[in-house]
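**Student:** this one's sequence-less:
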DNA sequence: TCTTGACCTTCCCGTAACTGGAACCCTTAT
DNA sequence: ATAAGGGTTCCAGTTACGGGAAGGTCAAGA
């Protein structure tokens, strides 16, 4: 499969796939004309990467997960550790965003949002 | 005030303050020795910026908010618009993170996390 | 006076994970 | 012959700074 076809089935952009090759996540063969050629295995890797990225794993975590995925003798504990750590990060981000949300909601609610200059939002920010 | 002192009172890093000057958010005077010298006004701007950044506003939004802040003839509607848009972004991020969280929680729960290779997390990612 | 240490300066590189664009090659159809 | 629609590489830009080098400035102590 050529790159644009793989892009379609994996729902990744052509640019992204080239980037993943550049950083060593996939290693497609090359046709005689120099075009990348993706077999089933490399395509499946890209699908795996797409799923992991969709769950917010960093590229480096994806690299680790991919290595565990191809390693038949892995321990599931190693996978779980990565996932658990990532989950913790997600929870922290949610908490941080929620704090911002609450503060902002209060400011927005208090602001008339009309033509007058008085603005509780700006007041809140200048303290 | 010299830069390190301002850094302390604003709780911004020295690097960050220099960066804010570079992109035109603040314009400190210079002492005869070339050191930056922050008066009350510039220091207050930095405090404003620190608050806005803490609420997750982008630098460009901070620039707009700062302009409205110094503009005595602003309409509070303009401020509210920026805040409301940002609030929407935050809500979208939270939703996205919560989706990831739920999916990941299910995978992590299903994974034994022991020495065996069987791993529902990897299975979930390879679909 | 000299030196030491703590300031300050500018300048340049690196980060994450790509995206956009330029310049150019390959293939197929008209 | 040419045009359209693939493909290729390489370079620059994105966000909001942080790290570090090379070097000027200042106040205090020996």
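**Tutor:** Cool, the structure landed. Worth saying up front: this structure is predicted, and the values here are computed from it rather than measured.
**Student:** Quick check: the residue nearest to residue A:78 when sequence neighbours are not counted vs DNA strand D, distance?
**Tutor:** Once flanking residues are discounted, residue A:78 sits nearest to residue A:68: 5.9 Å by Cβ to Cβ, 6 or more residues apart in numbering or on different chains. (C-beta placed from N, C-alpha, C; glycine too.) Distance, residue A:68 to DNA strand D, using Cβ to the nearest atom of the strand, to the nearest Å: 28 Å.
**Student:** With residue A:47 instead?
**Tutor:** Taking Cβ to the nearest atom of the strand, one finds residue A:47 at 17 Å from DNA strand D.
**Student:** Then residue A:53?
**Tutor:** From residue A:53 to DNA strand D the distance is 16 Å (Cβ to the nearest atom of the strand).
**Student:** do residue A:120 as well
**Tutor:** From residue A:120 to DNA strand D the distance is 23 Å (Cβ to the nearest atom of the strand).
**Student:** wait, isn't that residue in contact with residue A:104?
**Tutor:** No: counting by Cβ atoms under 8 Å, residue A:120 does not reach residue A:104; the two are 11.5 Å apart.
**Student:** Of all the residues in stretch A:105-124, which ones are buried?
**Tutor:** Using 16 or more other Cβ atoms under 10 Å in any protein chain shown as the test for burial, stretch A:105-124 gives A:107, A:108, A:111, A:113, A:119, A:120, A:121, A:122, A:124.
**Student:** Max pairwise distance over these: which two?
**Tutor:** The distance between the two most remote of the buried residues of stretch A:105-124 (Cβ to Cβ) is 14.3 Å, for A:113 and A:124.
**Student:** returning to that earlier point: confidence score at the residue nearest to residue A:78?
**Tutor:** pLDDT recorded at residue A:68 is 97.
**Student:** so which helix or strand takes in it?
**Tutor:** helix A:59-70 (DSSP states H and E).
**Student:** That helix and DNA strand C in contact?
**Tutor:** Yes: Helix A:59-70 comes into contact with DNA strand C (Cβ under 7 Å from any atom of the strand), by way of A:59, A:60.
**Student:** how far is whatever helix or strand comes next after that helix from where the chain is centred?
**Tutor:** Sequence order places helix A:76-110 as the next helix or strand after helix A:59-70, per DSSP H and E. Put simply, helix A:76-110 sits 15 Å off its chain's centre (Cα atoms, centre = their mean, to the nearest Å).
**Student:** For helix A:76-110, name the packing helices and strands.
**Tutor:** helix A:59-70, helix A:120-125, helix B:76-110, helix B:120-125 (3 or more Cβ pairs under 8 Å, 6 or more residues apart in numbering or on different chains; DSSP states H and E).
**Student:** Check whether it comes into contact with DNA strand D.
**Tutor:** No: residues of helix A:76-110 contacting DNA strand D under Cβ under 7 Å from any atom of the strand: none, with a closest distance of 13.4 Å.
**Student:** interface residues of chain A facing DNA strand C?
**Tutor:** A:13, A:15, A:16, A:19, A:32, A:33, A:34, A:53, A:58, A:59, A:60.
**Student:** Distance check, residue A:11 against residue A:43.
**Tutor:** According to Cβ to Cβ, to the nearest Å, residue A:11 stands 12 Å off from residue A:43.
**Student:** ditto for residue A:18
**Tutor:** From residue A:18 to residue A:43 the distance is 15 Å (Cβ to Cβ).
**Student:** Compare those two (neighbour count), which wins?
**Tutor:** Using other Cβ atoms under 10 Å in any protein chain shown as the criterion, residue A:18 and residue A:43 rank with residue A:43 on top: 18 against 14.
**Student:** Surely that one and residue A:10 touch.
**Tutor:** Yes: contact between residue A:43 and residue A:10 holds when scored by Cβ under 8 Å: they sit 6.8 Å apart.
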